[in-house]
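Engineer: Sharing a sequence plus its predicted fold:
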Amino acid sequence: MNRWKRAVLLAAAVLSLAGPLRAEEQATGTVNPPPKPGAWAAIAKLPDWSGVWTPYISDQDKRIRTDPVPWQPKVAEQIAAMVAEEKAGRPKGLFIDCLPEGMPTWMLITHNAFEFLFTPGRVTILGEMDGNRLRRIYTDGRPHPADPDPTFHGHSIGHWEGDTLVVDTIGVLPQAYLAVSEAVGIPNNGDLHVIERIHLAAADVLHDDLEIIAPHVLTAPWKTTRIYFRQRARKYDIVEGVCLQGSFAERKDDKGNAVFVPIPHADGNPVPQAK
Amino acid sequence: MKRFPRRLVVLAALTALVLPAFAHHSFAMFDFTKTVTITGTVKEFQWTNPHVVLWVNTEGKDPKTPDLWTLEMTSPGNLTRTGWNRKALNPGDKVVVELNPLRNGNLGGALVKVTLTATGQVFSTNLRDMEKPGLK
């Protein structure tokens, strides 16, 4: 046997040993375990949250008045200034840079639809706007990481209490806004903690009861609810929504290629013709 | 302002103080106490997030140089749910547009309703009209 053949056989022997070892590690590991027997079948027993959920915008508007935010005094001054500017027709666009609204603002102020996906050990929420508007809620019993890398949507773990999904979220970027509208909000400034109880209130009505703990901007936890509805008889598919796409016009270049060309924008709007 | 009366009709000041539903940015730069109607020709209809935009040419001071109105709406997904589609409006279509104008007087607004002159077909943008579960 020449040296080359010996090397191949040795490598094959090592791989055949390593294969079963890796499988054993996976079976006992806790990071990404395979679904337990019956895990897919168990999903059928969860409440039916399929379909497309649309936010109840009139209720969002109402809750700003009925569930006032317990802003800290210094924050309240900034908020009052933003409300005044918006009323005067000079809104400060918090999201015109197309960065995600993040948590919990997405749930609070979105006007766009979203959908739920149930898979073993996970609930995923996919929003219509922004390619990265999604939430992964781990329901496999794992804890939060000790020091998660901050993200716009944070780290979420959940568990079912009957037909209610209880979600706990930490690890949200301090820069992510706690906003009550597209023009009124403040960075959460860190240590944000959100507890949600998501449940069906009627056949086609979903409630998200939120408790928002933001110690650097609020004097007390803010409790509020957001309502979403579905209309199964209508064409309601989720569509792709890329936030920056509206900043570009579809044109042809000088070689006939289909290309995007920037549209002049100001304050998030295409610049109109002057009067 | 003196060219307004012929082509623009302030329809119903203070009638509809319901703010339209738009994501992404506030629409407070538009004056929702005023509704203006323009008649013109579609230059471009951009079916993109976060806001669908309609550009409409109307008669300008100089007949050779039409005015160009920039009209914003909510997102394609939301408009689809209120009966729109990406081919609802096409360049060259004659249209009558109701809009809430920009407060600063520039030629832009939040689109309330558009009627295709040729067919009479109407598309509106009020998402709150569909806030009932189980609508057919």
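Structural biologist: Cool, the structure landed.
Engineer: Do a quick rundown of the strands in the stretch 1-150 of chain A.
Structural biologist: For the stretch 1-150 of chain A, the strands defined by DSSP state E, counting those that start in this stretch cover A:54-55, A:114-119, A:122-127, A:134-138.
Engineer: Go through these and pick out the most buried.
Structural biologist: The highest average neighbour count among these, using mean count of other C-beta atoms under 10 Å in any protein chain shown, belongs to strand A:54-55 at a mean of 27. From N, CA and C alone the C-beta is placed, and that goes for glycine too.
Engineer: and that one, which strands flank it?
Structural biologist: strand A:222-229 (antiparallel) (DSSP bridges).
Engineer: Mind listing residues that contact the partner strand?
Structural biologist: A:53-56, A:59-60, A:63, A:67, A:69-70, A:107-108, A:114, A:201, A:204-212, A:214, B:131-133 (C-beta atoms under 8 Å, 6 or more residues apart in numbering or on different chains).
Engineer: For the helix or strand just after that strand, list the C-alpha coordinates in PDB.
Structural biologist: Past strand A:222-229, further along toward the C-terminus, the next helix or strand under DSSP states H and E is strand A:248-252. What follows is the C-alpha trace of strand A:248-252 in PDB, where atoms were taken according to Å, rounded to 0.1, in the frame of the first residue of the first chain:
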ATOM      1  CA  PHE A 248     -35.300  54.500  -6.200                       C
ATOM      2  CA  ALA A 249     -37.000  54.800  -9.600                       C
ATOM      3  CA  GLU A 250     -37.000  51.900 -12.100                       C
ATOM      4  CA  ARG A 251     -35.100  53.100 -15.200                       C
ATOM      5  CA  LYS A 252     -33.000  51.800 -18.100                       C
END
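Engineer: hang on, the earlier thing: tell me the buried residues within the contacts of strand A:222-229.
Structural biologist: With neighbours counted using 16 or more other C-beta atoms under 10 Å in any protein chain shown, the contacts of strand A:222-229 contain these buried positions: A:53-56, A:60, A:63, A:69-70, A:107-108, A:114, A:204-210, A:212, A:214, B:131, B:133.
Engineer: Using PDB, write out the CA atom coordinates for stretch A:214-230.
Structural biologist: Extracted in PDB, the C-alpha atoms of stretch A:214-230 (Å, rounded to 0.1, in the frame of the first residue of the first chain):
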ATOM      1  CA  ALA A 214     -37.600  50.800  30.300                       C
ATOM      2  CA  PRO A 215     -36.000  52.100  33.400                       C
ATOM      3  CA  HIS A 216     -34.000  54.900  31.700                       C
ATOM      4  CA  VAL A 217     -37.000  56.600  30.100                       C
ATOM      5  CA  LEU A 218     -40.100  55.500  32.100                       C
ATOM      6  CA  THR A 219     -41.100  56.000  35.700                       C
ATOM      7  CA  ALA A 220     -43.000  52.700  35.900                       C
ATOM      8  CA  PRO A 221     -43.700  49.800  33.500                       C
ATOM      9  CA  TRP A 222     -46.000  50.800  30.700                       C
ATOM     10  CA  LYS A 223     -48.900  48.400  30.200                       C
ATOM     11  CA  THR A 224     -50.800  48.600  26.900                       C
ATOM     12  CA  THR A 225     -52.500  46.300  24.400                       C
ATOM     13  CA  ARG A 226     -52.300  46.200  20.600                       C
ATOM     14  CA  ILE A 227     -55.000  44.500  18.500                       C
ATOM     15  CA  TYR A 228     -54.600  42.700  15.200                       C
ATOM     16  CA  PHE A 229     -57.300  41.200  13.000                       C
ATOM     17  CA  ARG A 230     -57.500  38.800  10.100                       C
END
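Engineer: Mind listing what's buried along it?
Structural biologist: Residues of stretch A:214-230 classed as buried by neighbour count (16+ other C-beta under 10 Å): A:A214, A:V217, A:L218, A:W222, A:T224, A:R226, A:I227, A:Y228, A:F229, A:R230.
Engineer: Just flag the most distant two among those residues.
Structural biologist: Taking C-beta to C-beta as the measure, the buried residues of stretch A:214-230 reach their widest spread between A:V217 and A:R230, a distance of 32.9 Å.
Engineer: Let me know the average pLDDT across the longest helix along chain B.
Structural biologist: The helix that spans the most residues within chain B, counting by DSSP state H, is helix B:76-81. Mean pLDDT, helix B:76-81: 89.
Engineer: mind listing the helices for the chain?
Structural biologist: Picking chain A for this. When assigned using DSSP H, the helices of chain A occupy the ranges A:3-28, A:39-43, A:57-66, A:73-87, A:105-109.
Engineer: meant chain B, my bad for not saying
Structural biologist: Counting by DSSP H, chain B forms helices over residues B:4-7, B:76-81, given from the N-terminal end onward.
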